[in-house]
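K.L.:
Curious how this folds, go ahead:
(one chain, ligands or ions: 1)
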Amino acid sequence: MPVVRSIAKMQHLSRRLTAQGKRIGLVPTMGYLHGGHLALIRRAKRNADVVVTTIFVNPKQFAPGEDFERYPRDERGDLRKIAGAGGDIVFIPRAEEMYPDGFQTYVGVEQLTNVLEGSVRPGHFKGVTTVVAKLFNIVRPDVVVFGMKDFQQAVVLRRMTRDLGYPIRYMVAPTVRERDGLAMSSRNAYLNPVARREALCLYYALRTAKAMVRTRVMDVHKIEREMRGVILSTCPTAKIDYIAFTDLSTLTPRRKIAGDVVASLAVRVHGVRLIDNMRLA
Ligand code: PAF
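P.N.:
Here you go, the predicted structure:
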């Protein structure tokens, strides 16, 4: 499986594949792959001839004090997993080449990035949209697949793809969960055994919300109150960054559950910040 580390080589390879009539699927990642990423690769493979997986821990989407330095990395393991999932090419650009000296050009999406994660991680989405636009320009994919686990990211990047007119089929794959319900995430590697158990508080809270909606409780304040109770009874030291109920595609806040509403939350479990979400109706 070819591993490409230079932008020029990746551009050349993509152009050649396109000239041969091959449809390119792209799966952007920050590495330390888990079952969720592998599901994205398999989804891309079903919708394209050649799948390019990128591994790049993007410094621009981490604020000072966040976990950029200690973000888990395992290139050798990742390459093995990508090959096993049917990936064809891996692009691992160097930070110096992605962001050369004097770099000062960014891509930004406006309103959609002011809420949820954007409200607590200023600058985060500007880093995400900039790097993904660069990856689009380098790889020139026909299809791209992102995960629903990062729900807001999926909405923001869909907007960017449309607004900038990229001729790319945009796909979002469902969240993959561990057997007990914890959403797969590279950051789960930070959890010690107690934190791992208590990290289920996010999933339990979301399941509670879903069960309430099934019994026709449609008032988000009531649902949120229950969710907070579930979180704190599962993880008494949890710090809740936010619990939000928003429209699936516009991210506008909802006071009542009606239409396609997503509950999303960010919680610090023993110091590890985790996010998760679930469609309620
Ligand atoms: O979801 C991620 O891992 C990252 O935000 C992405 C899309 C690869 C951009 O760095």
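K.L.:
Just confirm Arg268 is within a strand.
P.N.:
Yes. Assessed with DSSP: H, G, I helix; E, B strand; the rest coil, Arg268 lies in a strand.
K.L.:
Phi, psi for the closest residue to it other than its chain neighbours please.
P.N.:
Nearest non-adjacent residue to Arg268, counting by C-beta to C-beta, 6 or more residues apart in numbering: Lys239, 4.1 Å away. For the C-beta atoms, the positions are set from N, CA and C on the backbone; glycine is no exception. Per-residue torsions, Lys239: phi -120, psi 120 (degrees, to the nearest 10).
K.L.:
do Arg73 as well
P.N.:
In this entry, Arg73 is assigned phi and psi values of phi -130, psi 140 (degrees, to the nearest 10).
K.L.:
my guess is Ile275 meets Ala263, correct?
P.N.:
No. Using C-beta atoms under 8 Å, Ile275 makes no contact with Ala263, being 11.6 Å away.
K.L.:
who has more neighbours, those two?
P.N.:
Ala263 (26 against 21; other C-beta atoms under 10 Å).
K.L.:
need the contact list for that one.
P.N.:
Ala263 sits next to Leu206, Ala209, Lys210, Ile223, Met227, Ile243, Ala244, Phe245, Asn277, Met278, Leu280 when contact means C-beta atoms under 8 Å, 6 or more residues apart in numbering.
K.L.:
How about Leu17?
P.N.:
By C-beta under 8 Å, 6+ apart, the contact set of Leu17 is Ile24, Asp49, Val50.
K.L.:
Around the first one, how many other residues sit close by?
P.N.:
Spelled out, it's Ile24. Neighbour count of Ile24, defined by other C-beta under 10 Å: 23.
K.L.:
Show me what it bridges to in the sheet.
P.N.:
Beta-bridge partners of Ile24, counted by DSSP bridges, are Val50.
K.L.:
Please report the distance of it from Val4.
P.N.:
13 Å (C-beta to C-beta, to the nearest Å).
K.L.:
count of residues packed around the residue lying closest to Thr237 once chain neighbours are set aside?
P.N.:
If the residues on either side of it in the chain are set aside, Thr237 comes closest to His270, at 6.6 Å by C-beta to C-beta, 6+ apart. His270 has 16 neighbours, counted by other C-beta under 10 Å.
K.L.:
was I right about His270 contacting Glu198?
P.N.:
Yes. Look at His270 against Glu198 with C-beta under 8 Å: they come within range, at 6.9 Å.
K.L.:
Overlap in contacts, these two.
P.N.:
Cys235.
K.L.:
any idea which helix or strand comes after the strand or helix carrying Arg76?
P.N.:
In the assignment (DSSP states H and E), Arg76 maps to helix 75-84. Going down the chain from helix 75-84, the next helix or strand is strand 89-91, by DSSP H and E.
K.L.:
what pairs with that next one, and is each one parallel or antiparallel?
P.N.:
Here strand 89-91 is paired, per DSSP bridges, with strand 3-4 (parallel), strand 50-55 (parallel).
K.L.:
To the ligand, which of those strands lies closest?
P.N.:
Comparing those by their distance to the ligand (C-beta to the nearest ligand atom), the top pick is strand 50-55, with 7.0 Å.
K.L.:
Can you list the neighbours in contact with the closest one?
P.N.:
Identification of contacts with strand 50-55 by C-beta under 8 Å, 6+ apart yields 10, 14, 17, 22-31, 37, 41, 44-45, 75, 78, 82, 86-93, 135, 139, 141.
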